[in-house]
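J.: Mind looking at a prediction? Sequence and model below.
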Amino acid sequence: MNIKKLIALRTVLIMLTIAVMVVIFMLSADNADESNAKSDLISGSLIKTVLAFFHLEGEKAEIFIDNCVMIVRKTAHFTEYAVLGFLIFSVFESFFIKRKIAIPVSLCSGALYAVSDEIHQSFVPGRSCQISDMLLDSAGVMTGIIMLIVFIAIIKKYRKNSQSADGLI
């Protein structure tokens, strides 16, 4: 890869990383009602479909709704931090930082951002700082890092196999 493409790639990765961090910050700045409305928007159609299909009503329906909303919220936490971990580690990979340094620094960076995000939420009306979310977010960061490592390994294997096949022709 030539230097101009590498610089462009690094710039894009850094900008995407910052953009994800900004989105996470903005979502955390939503008060409880705004945050619940966004979660309800995502989970609402799923809940209505399942309730109708299984003919759930009353207390069972309420329990199901509460569980669905919680699952949507926790999945969103995990996913946004998996994306962040993927991007942070991508930046380190683009600078060819050794993995024994890049992995723990990426994980710590993402985990520290999760902690700062939860602290930020504690100042937002109706929101709270939860250690369980910090742990879930950190697990998301680690998953994003692992996903990139696996992705890179698959690409390397594919390139190696295609170069071997090209040599036979």
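T.: Done, it's in.

J.: Please make it C-alpha for all contacts and neighbour counts, starting now.
T.: Noted.

J.: ok, and the helix or strand in the chain with the lowest average confidence?
T.: Each helix and strand of the chain was given a mean pLDDT (mean pLDDT, DSSP states H and E); the minimum falls on helix 32-54 at a mean of 80.

J.: Return the list of helices and strands in contact with that helix.
T.: Contact here means 3 or more C-alpha pairs under 8 Å, 6 or more residues apart in numbering; DSSP states H and E; on that basis helix 32-54 packs against helix 58-94.

J.: contacting residues around the least confident helix or strand of the chain?
T.: Counting by C-alpha atoms under 8 Å, 6 or more residues apart in numbering, the neighbours of helix 32-54 from elsewhere in the structure are 27, 57, 61, 64-65, 68-69, 72-73, 124-127.

J.: What subset of the residues you listed is buried?
T.: For the contacts of helix 32-54, burial is judged from neighbour counts taken by 16 or more other C-alpha atoms under 10 Å, and it is met by A61, F64, I65, C68, V69, R73, R127.

J.: Relative to L9, which of the residues you listed is nearest.
T.: Lowest distance from L9 to those (C-alpha to C-alpha) belongs to R73, with 31.8 Å.

J.: What's the local residue count around the nearest residue to that closest one once chain neighbours are set aside?
T.: Nearest non-adjacent residue to R73, counting by C-alpha to C-alpha, 6 or more residues apart in numbering: S39, 6.4 Å away. Residues contacting S39 under the criterion other C-alpha atoms under 10 Å number 18.
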